[in-house]
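# coordinates only, sequence not included:
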């Protein structure tokens, strides 16, 4: 017979799964749920189950695992090897696009977070799933100065390889100094405080 803790845990997971499913009919409930770590995990599982299968052989990042090696480019076309470029520094990676309104809404908060934490060992890096021209224009308009890379959107893009097969934007990944995925966040952050709380709270794999 299952223990009381097991029953409670199962009931909580069932409740979370039900609430996540409400994303399509009750967005407010889903947004509140997405603000919790348990909700984020359940949302990730739900979206991954509904996403098309990634190309055969494509390495996908998993929580606790090393980020798969990939070569991305700066907006000026210079190659950057990931995750080697982030070695030794915890990094908040934010995937976005110039046409994504929620992405643009959170970027000033990401900029403020980046400026505040640049000297204490936490970096922010954007990855634009976009063309260079609109991405560069949007960064200039928003006053974003943290580094940005880019990749062409598609079934094997950087977002998919970083654990987002459904392609939801914005999407953020917290990468440890040794290149491991600590946690992920689907959807926009609500504030700079929201970003700080998420980035500074380590959770078990």
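Now that the structure is in, tell me what you want to look at. This is a predicted model, so every value here is computed, not measured.

# Three-state assignment for the nearest residue to residue 53 once chain neighbours are set aside, please.
Closest residue in space to residue 53, ignoring its immediate chain neighbours: residue 165 at 8.0 Å, by CB to CB, 6 or more residues apart in numbering. Placement of C-beta: from N, CA and C, glycine included. Put simply, residue 165 is coil when judged by DSSP: H, G, I helix; E, B strand; the rest coil.

# from here on, count from 35
That works, and once the first residue is 35, the last one we named lands at residue 199.

# quick one: contacts for residue 199?
For residue 199, the contacting residues are 81-82, 85-88, 94, by CB atoms under 8 Å, 6 or more residues apart in numbering.

# So residue 193 versus residue 177, what's the distance?
24 Å (CB to CB, to the nearest Å).

# ok, those two, which is more surrounded?
Neighbours per residue, other CB atoms under 10 Å: of residue 193 and residue 177, the larger number sits with residue 193, 25 against 9.

# Which other helices and strands does the helix or strand the more buried one falls within contact?
According to DSSP states H and E, residue 193 maps onto helix 192-195. In terms of contacts (3 or more CB pairs under 8 Å, 6 or more residues apart in numbering; DSSP states H and E), helix 192-195 is packed against strand 104-108, strand 157-163, strand 182-185.

# switch to 7 Å and redo it
When contacts are defined as 3 or more CB pairs under 7 Å, 6 or more residues apart in numbering; DSSP states H and E, helix 192-195 packs onto strand 104-108.

# Check the offset of the strand it packs on from the chain's centre.
The chain centre lies 17 Å from the centre of strand 104-108; the measure is CA atoms, centre = their mean, to the nearest Å.

# just to revisit the earlier point, quick one: contacts of the helix holding residue 193?
Contacts to helix 192-195, defined as CB atoms under 7 Å, 6 or more residues apart in numbering, come from residues 88, 92-95, 102, 104, 106, 129, 161, 163, 185, 201, 205.

# how does the chain divide up, domain by domain?
Per the record, the chain has its domains at 35-84, 90-234, by automatic domain parsing.

# and these, which one is worst for confidence?
Among these, domain 35-84 carries the lowest mean pLDDT, at a mean of 54.

# Buried deepest among the domains of the chain, which one?
Comparing these by mean neighbour count (mean count of other CB atoms under 10 Å), domain 90-234 comes out on top with a mean of 18.

# Give me the distance between the two termini of that domain.
35 Å (CA to CA, to the nearest Å).
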